[in-house]
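# sequence first, predicted model second:
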Amino acid sequence: MDNKIKVHILHTGYVIVDEALPFSDANNRPLAWTGLFRSKKHLVKLPVSVYLIEHPKGLVLIDTGWHTDNRTKQIRNLLFQYPVNKADLPEGQAIHEQLSALGYKPSDIDYVVMSHMHCDHADGLRLVKDAKHILVSEEEYEAIKKDKMYYLPHEWNGLHLETYKFDNTAIGPKGKSFDLFNDGTIQMVWVPGHSKGLASTVIKSMNSDEFLLLVSDVGYAAKSWKENIKPSVLVNKLDAQESLNWVMKTVKDENCIEAVANHDPDIEPHTVVL
């Protein structure tokens, strides 16, 4: 049996936001991240990454990116999020289109595992509704039921969401993670702060101690952990700093071959083999 793990880092379009949203600055006025009453010169266009993992035990997708509705009816799709998060989804970059280019169908996916449920991560769920399992952390599942400000429920309306539990594993800033295959190769690490149930992903080689860190939105780019810059959208600032501290420590581990943030403009689509 081939025991290699292949991780495809894919860009499912772009998100257009005020620069204060991904990179908070103490000099910015309150709510600068919304872009309201701010010049367009502050807008930045950042990639929206998802990750397709070809694993010996199954095909795994981390996050889903934008839905194709954003090409023709974006305001109706993103609703109150539209003034803050605008989508750009070129032809061929939606998740089902990229799966097809790689020779897969949504029904081939064994697990869609969500890092969190903000719109640029969960909008494409409807495009992979035929996946065998769609997993979201218990903490994030509770958040989407209670907090209507950060989420768009129509993005998963009619889908069967299963929850995963963060166990006490001594991994991550809270010492909690979820081991997808119970073998240490794919760990969803609880890193709250940006959202209540946010998870980074540690993908570990089956042949060595080397691992790939998928940071998610603990930091929006490498400069986030290099310069200690948190995003502006947070549900808990102390948790967010603790999670970013963990990322800063983890990227320095000699076995960390690469760390990837979801929205880093310096990251190009590529494939990592572990």
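Yep, it's here. What you see is a predicted model; the values in this text were computed from it and never measured. Numbering: from 1, shown residues only.

# tell me where the stretch 101-250 of the chain has helices.
Using DSSP state H, counting those that start in this stretch, the helices of the stretch 101-250 of the chain run over 119-122, 138-146, 222-226, 237-250.

# helix, strand or coil for Lys45?
Under DSSP: H, G, I helix; E, B strand; the rest coil, the three-state class of Lys45 is strand.

# these two touch, right, it and Ile16?
Yes - the pair Lys45 / Ile16 is scored as a contact, 5.2 Å apart, by Cβ atoms under 8 Å. Every C-beta, even on glycine, is put in place using the N, C-alpha and C of the backbone.

# show me what contacts the residue most central in space within the chain?
Centroid-nearest residue in the chain, with Cα atoms, centre = their mean: Ser216, separated by 4.2 Å. Contacts for Ser216 (Cβ atoms under 8 Å, 6 or more residues apart in numbering) come out as Asp63, Ser115, His116, Val191, His194, Leu198, Ala199, Ser200, Thr201, Ala261, Asn262.

# how about it, nearest residue that isn't a chain neighbour?
Ser115 (4.0 Å; Cβ to Cβ, 6 or more residues apart in numbering).

# part of a helix, is Ala259?
No - under three-state DSSP, Ala259 falls outside any helix and is assigned strand.

# that one and Ser224 touch, don't they?
No - counting by Cβ under 8 Å, Ala259 stays clear of Ser224, with 10.3 Å between them.

# Arg246 and Gly193 touch, don't they?
For the record, residue 246 is Trp, not Arg. No - contact criterion Cβ under 8 Å: Trp246 and Gly193 do not qualify, at 10.3 Å.

# the two: who's more crowded?
Set side by side, Trp246 and Gly193 show more neighbours around Gly193, with 23 against 19, by other Cβ atoms under 10 Å.

# okay, now the unreliable bits of the stretch 1-150 of the chain?
Applying pLDDT under 70 to the stretch 1-150 of the chain flags the ranges 1.

# ok, the residue nearest to Met114 when sequence neighbours are not counted to Gly184 distance?
Spatially, and ignoring its direct neighbours in sequence, Met114 is nearest to Val136 (4.5 Å; Cβ to Cβ, 6+ apart). Val136 sits 21 Å away from Gly184, taking Cβ to Cβ, to the nearest Å as the criterion.

# cool, Lys174 as well?
From Lys174 across to Gly184, the span is 18 Å (Cβ to Cβ).

# in its sheet, what does the helix or strand encompassing Val50 sit against?
For Val50, the host element (DSSP states H and E) is strand 43-55. Using DSSP bridges, the strands paired with strand 43-55 are strand 6-18 (antiparallel), strand 58-62 (antiparallel).

# which one of those strands lies closest to Lys230?
strand 6-18 (14.8 Å; Cβ to Cβ).

# report the buried residues of that closest one.
By neighbour count on 16 or more other Cβ atoms under 10 Å, the buried set for strand 6-18 is Val7, His8, Ile9, Leu10, His11, Thr12, Gly13, Tyr14, Val15, Val17, Asp18.

# show me what the third one bridges to in the sheet.
On the basis of DSSP bridges, Ile9 is bridged to Tyr51, His270.

# list the residues that contact it.
Going by Cβ under 8 Å, 6+ apart, Ile9 touches Ser49, Tyr51, Val260, Ile267, Pro269, His270, Thr271, Val272.

# cutoff 10 Å now
Contacts here follow Cβ atoms under 10 Å, 6 or more residues apart in numbering; on that basis Ile9 touches 47, 49-52, 62, 212, 214, 258, 260, 262, 267-272.

# what of the last one?
For Asp18, the contact set (Cβ under 10 Å, 6+ apart) comprises 28, 31-36, 38-40, 42-44, 84-85, 232.

# same check, this time on Lys146
Lys196 are the contacts of Lys146 under Cβ under 10 Å, 6+ apart.

# and Asp123, by the same measure?
Neighbour list for Asp123: 12-13, 48, 63-70, 77-78, 81, 85, 87, 89, 94-95, 117, 152, 154-156 [criterion: Cβ under 10 Å, 6+ apart].
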